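Enquirer: Structure for the following, please:
(2 chains)
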Amino acid sequence: MRLERRASASRVMAVLAPVLALVCAAAGAAVLFALLGRDPVSCLHTLFVAPLEDANGWSELALKATPLLLCALGIAVGVQANVWNIGAEGQFTMGAIAGGAVALWLGPTEGWFVLPLVLMAGVLGGAAWGGVAAFLRTRFNAHEILVTLMLSYIAVQVLGWLVRGPMQDPEGFNFPQTRQFEAAAMLPVLLEGSRVTVAAVFALVAVPLAALLLGRTMAGYRIRVVGLAPGAARYAGFSENGAVWVCLLLSGGLAGLAGVCEVAGPIGQLTPSISPGYGFAAIIVAFLGRLSPVGMLFAAVLMALLYLGAEGLQITQQLPLAAAGVIQGMLLLFLLGADVLTLYRVRFGGVRAHAKASSHG
Amino acid sequence: MALPPRLVLRGIGKSYGGTRANDGIDLTVMQGEIHALLGENGAGKSTLVKIIYGVVQPDAGSLEWEGKAVTIPDPNAARRLGIGMVFQHFSLFETLTVAENIALGLGTDEPLAALSARISATAARYGLAVDPRVHVHHLSVGERQRVEILRCLLQEPRLLIMDEPTSVLTPQEAEGLFAMLRRLAAEGCSVLYISHKLAEIRALCDQATVLRAGRVVAACDPRVTPAAAMAELMIGQAMAAPVRPARPAAGDAVLAVMGLSLAADSPFGTALRAIGFTLRAGEILGIGGVAGNGQKELLAAISGERRAGENGAVAIAGVACGQAGASARRRLGLAVVPEERLGRGAVAELSLTENALLTGATREVARHGVIRFAPLRRFARGVIESFRVVAAGSEALAGSLSGGNMQKFIIGREMGHAPLVLVAAHPTWGVDVGAAQAIHDALHALAADGVGVLIISEDLDEIFSVCDRIAVLHGGHLSAPVAVGETSVEAVGLLMGGLDAA
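Expert: The predicted structure is shown next:
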């Protein structure tokens, strides 16, 4: 058995690979559950089916898919230009800090302008954190994979310091958290009784916008040319540094928006842990969705389901939350494995064909 | 002669979708024979050699190797039989050294030092000067070809397939290659030589097979068949004489380069030293020279991919732009056809329509930054039509076109932007006779319309037949341009070697 390069990438396999990866990851999870002494069937049921058995589950699904999708869209635009933003988690955190700071600073101020200011601060906070990486890349050629990842840890530490120091709630019994945001700084809830906010609408609107950016604008065209053929970009006069800036500011801004929407939405204040790793999981979402905006919509929902299912496993099966991380990891691993099949085909009996040729020769 | 033929093809057929690339092809290559394979782009030459090299499987017909029936399932099997191939597009890893590339190609466990010694020995034996320790990205096209040839020779082939090998060589280098091929043939190795340069086929080859539209239309002895007759067989009609329309006297300077000096951007690159010339409207200036003497650097400095130290070093239509970028220079009326078609002149993964946008982001096709595909598609279709680009429509991916057709598209695209200056590097490298003539005619027509045309080429035939004035680049220094009528191939050859005839 050997691998043979296909003349052109298989479109069928490109679509099938995520499905194949999901099936393999589920099988891997079942083995994991069995090894942990649980019943695999009921665990898989808890993971994939139980969260969708009531209306509350569906709304929680939308809630968790929103930040994943916003972060993934930015990451995917960057990948088109060969700009690898691994640090959406940090930009998410910085967006939450900046938006939260504005919300706390405005305090009890009423008015329609409060929420837009909070959101704008979130976008700018995330974009600024992405901009740091863009500056280091374009000025010192420090690669963004490393820089954005390291900046994520810095952002989380900054958040931890702020909620225990300058921004701590003076009446909070010394808990590491800020005051609750006032109503004017909070996103309106979409459905009465659920926690889903208009942030879900932002994410849904961002899907066609990202598709338009990449497919129909000069900016998106430049991004794609820089990623596909840097030599052609130089020949055409498209700036590679410009593409790095655009991609990191854009994906940072989207991650920042996701961050501020979490704290000005379901959380309602700043705490040390505002994200269960959305920024990192969004990388998996981007690739699982084949970097296509619509594909990422489905992938974000699937990844949100995994988060919900893992919470269920924690409650009903007493499994650690780390199990979710393991399943996410398996999903990415199997996806990368399955992707080999889009570029290569498996041929059996290759060795015999060799032998035949040489026996004649 | 009791020796069986080295290779016999009988009734080879291959179809792609509806098109028959090869249709009942018979071919016999004798031992020690240099056999020419002639044909236009799309005549089926590449499909045929891919079948011989095991890249493609035939639908019909049989192969016989030294008297025994064989099937060649893949290139490894071909190499084991003793078939070597030097492709027109090289498959070398730029970041590895010559020796490392060859080691990868051979798949040996031989220590690199021993292999390097073997490479040097073979190189010396066949007169192919290459340093095994140099990284490939520092090598010129001509030098890379030597690496590819060496890789084949180290496997001691009994049939060597060469695809358009001389398009990147100087006359002296080409003579060297011919001497090497004759020596190989004398040692008993057969050579299948693909080319459209009839003069060299007549000088080199013992036998020629002419393909047209997937069929063998003739087999002849090129040593006695006139070139015009072979060209007719290939194209299927009499060759039109090159059109060289009368031109107005050269007008104003459209491109002026003055005291352009530029440090090498890599350790093995060439620094440009005080280059100066003036290109006038309506003239064609040729810059000749051996690959690696600063051609790449000069093209990048003119196109704006690299910026000059002084703004006045480059001026387009009287506007100094030495420090302007590529887009700004294009707006001044510059059009550039680079040496590399895919990866620089075009993006393989994008369609022809999308590639039309690469240098054509005018207000009409990109209003307020939004791409309007309808006019863009019309432009791409216009280029395809007027330059007879063979492609499956304007939505075909650039990577799916043959080299010659991609070149026609890029040249057509650049001409379509109504430039004041057109700079073309190797405009007809690897392009067949018909297409090359179409390109030369288009360049003449452009000059007749008052466009200044600059051709950077290593093909002296091309420069002498197309250009009005000639200058030679050697070691980053440009000789003074002289009128074609006042110089000779010998004098230019000396300049290429760094010797000033004066």
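Enquirer: C-alpha only now, for contacts and for neighbours.
Expert: OK.
Enquirer: How about chain B: which residue is closest to chain A?
Expert: Relative to chain A, the nearest point of chain B is residue B:344 (3.6 Å; C-alpha to the nearest C-alpha).
Enquirer: sec struct for that residue, please.
Expert: Following DSSP: H, G, I helix; E, B strand; the rest coil, the label given to residue B:344 is coil.
Enquirer: give the contact list for it.
Expert: A:229, A:230, A:231, A:232, A:233, A:234, A:235, B:338 (C-alpha atoms under 8 Å, 6 or more residues apart in numbering or on different chains).
Enquirer: Just the pLDDT for residue A:19.
Expert: Per-residue pLDDT puts residue A:19 at 88.
Enquirer: closest point of chain A to chain B, which residue?
Expert: residue A:232 (3.6 Å).
Enquirer: about what we covered before: so which of the contacts of residue B:344 are in strands?
Expert: Among the contacts of residue B:344, no member falls in strands (DSSP state E).
Enquirer: of all these, which comes closest to residue B:28?
Expert: Nearest to residue B:28 among the contacts of residue B:344, counting by C-alpha to C-alpha, is residue B:338 at 38.6 Å.
Enquirer: residues contacting residue 324?
Expert: Just going to use chain A. With C-alpha under 8 Å, 6+ apart, residue A:324 has these contacts: A:306, A:307, A:310.
Enquirer: I was after chain B.
Expert: Here residue B:324 is in contact with B:304, B:307, B:311 (C-alpha under 8 Å, 6+ apart).
Enquirer: Number of residues surrounding the second one?
Expert: Counted with other C-alpha atoms under 10 Å in any protein chain shown, the neighbours of residue B:307 add up to 20.
Enquirer: got the contact list for it?
Expert: B:301, B:322, B:323, B:324, B:325.
Enquirer: Quick check, pLDDT for the closest residue to it other than its chain neighbours.
Expert: Once flanking residues are discounted, residue B:307 sits nearest to residue B:323: 5.0 Å by C-alpha to C-alpha, 6 or more residues apart in numbering or on different chains. Reported pLDDT at residue B:323 in the predicted model: 93.
Enquirer: One more: residue B:18?
Expert: Taking residue B:18 on its own, its pLDDT is 64.
Enquirer: Likewise for residue B:168?
Expert: 63.
Enquirer: again, but for residue A:228
Expert: 94.
Enquirer: Next up, the contacts around residue 87.
Expert: Defaulting to chain A. A:145, A:148, A:149, A:150, A:151, A:152, A:279, A:280.
Enquirer: that's the wrong chain, I wanted chain B
Expert: B:162, B:163.
Enquirer: From residue B:174, how far out is it?
Expert: 17 Å (C-alpha to C-alpha, to the nearest Å).
Enquirer: what's the answer for residue A:192, then?
Expert: Taking C-alpha to C-alpha, one finds residue A:192 at 81 Å from residue B:174.
Enquirer: Over to residue B:88?
Expert: Residue B:88 is 15 Å from residue B:174, by C-alpha to C-alpha.
Enquirer: Then residue A:79?
Expert: From residue A:79 over to residue B:174 (counting by C-alpha to C-alpha), the distance is 44 Å.
Enquirer: so where's the stretch 151-300 of chain B shaky on pLDDT?
Expert: Residue ranges of the stretch 151-300 of chain B with pLDDT under 70: B:167-171, B:237-250, B:267-268.
Enquirer: try chain A
Expert: Low-confidence segments of chain A (pLDDT under 70): A:7-9, A:349-361.
Enquirer: what ranges do the helices span in it?
Expert: A:11-35, A:40-44, A:55-80, A:88-106, A:114-140, A:144-164, A:199-216, A:218-228, A:230-236, A:240-262, A:278-288, A:293-316, A:322-343, A:350-360 (DSSP state H).
Enquirer: ok, and does the third one reach over to chain B?
Expert: No. No part of helix A:55-80 sits close enough to chain B to count as contact by C-alpha under 8 Å from any C-alpha of the partner chain; the gap is at least 12.3 Å.
Enquirer: Buried residues, that helix. List them.
Expert: Buried residues in helix A:55-80, counted by 16 or more other C-alpha atoms under 10 Å in any protein chain shown: A:57-80.
Enquirer: next one: stretch B:125-132
Expert: B:126, B:128, B:130, B:131, B:132.
Enquirer: Distance from the chain centre to it, please.
Expert: The chain centre lies 22 Å from the centre of stretch B:125-132; the measure is C-alpha atoms, centre = their mean, to the nearest Å.
Enquirer: end-to-end on that stretch?
Expert: 15 Å.
Enquirer: And the contacts of that stretch?
Expert: B:97-99, B:116, B:119-120, B:123, B:143, B:146-147, B:150, B:176, B:180, B:183.
Enquirer: okay, now residue A:11: neighbour count?
Expert: With other C-alpha under 10 Å as criterion, residue A:11 counts 11.
Enquirer: ok, it - contacts?
Expert: residue A:342.
Enquirer: again, but for residue A:308
Expert: A:47, A:51, A:60, A:61.
Enquirer: Just flag the most distant two among these.
Expert: Farthest pair in the contacts of residue A:308, by C-alpha to C-alpha: A:47 and A:60, 14.2 Å.
Enquirer: can you map out the strands along the stretch 51-200 of chain B?
Expert: Taking DSSP state E, counting those that start in this stretch as the criterion, the stretch 51-200 of chain B carries its strands at B:60-65, B:68-70, B:83-86, B:159-163, B:190-194.
Enquirer: Distance check, the residue nearest the centre of chain A against residue B:216.
Expert: Closest residue to the average C-alpha location of chain A: residue A:282 at 1.5 Å, with C-alpha atoms, centre = their mean. Note on residue A:282: its distance to residue B:216, by C-alpha to C-alpha, is 58 Å.
Enquirer: Up against chain A, what does the stretch 351-500 of chain B have?
Expert: B:358, B:359, B:366, B:369, B:370, B:371, B:372.
Enquirer: Now do the contacts for the fifth one.
Expert: So that's residue B:370. A:216, A:217, A:218.
Enquirer: filter these to the buried ones?
Expert: Counted by 16+ other C-alpha under 10 Å, the contacts of residue B:370 give A:216, A:217, A:218 as buried.
Enquirer: Correct me if wrong: residue A:250 contacts residue A:127.
Expert: Yes. Counting by C-alpha atoms under 8 Å, residue A:250 touches residue A:127, with 6.6 Å between them.
Enquirer: who has more neighbours, the two?
Expert: Using other C-alpha under 10 Å as the criterion, residue A:250 and residue A:127 rank with residue A:127 on top: 29 against 23.
Enquirer: does residue B:219 count as helix, strand or coil?
Expert: strand.
Enquirer: How about the contacts made by it?
Expert: Counting by C-alpha under 8 Å, 6+ apart, residue B:219 has contacts B:207, B:208, B:209, B:210.
Enquirer: who wins for most neighbours among those residues?
Expert: Neighbour max across those (other C-alpha under 10 Å) = residue B:208, 26 neighbours.
Enquirer: Check the gap between that one and residue A:21 for me.
Expert: Counting by C-alpha to C-alpha, the gap from residue B:208 to residue A:21 is 54 Å.
Enquirer: how is the chain carved up into domains?
Expert: Let's take chain A. Domain ranges of chain A: A:1-33+A:319-347, A:65-316, per automatic domain parsing.
Enquirer: Wait, chain B was what I had in mind.
Expert: With automatic domain parsing as the reference, chain B has domains B:7-235, B:253-333+B:419-496.
Enquirer: what's the neighbour count on residue 81?
Expert: Going with chain A. Using other C-alpha under 10 Å: residue A:81 sits among 24 other residues.
Enquirer: that's the other chain; I wanted chain B
Expert: For residue B:81, using other C-alpha under 10 Å, the count is 22.
Enquirer: Let's see the pLDDT reported for it.
Expert: 92.
Enquirer: returning to that earlier point: in CSV: the strands of the stretch 51-200 of chain B, plus mean neighbour count and distance to residue A:296.
Expert: Below are those laid out as CSV (neighbours: other C-alpha atoms under 10 Å in any protein chain shown; distance: least, C-alpha to C-alpha, whole Å):
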stretch, mean neighbour count, distance to residue A:296
strand B:60-65, 18, 46
strand B:68-70, 15, 50
strand B:83-86, 24, 44
strand B:159-163, 24, 45
strand B:190-194, 24, 49
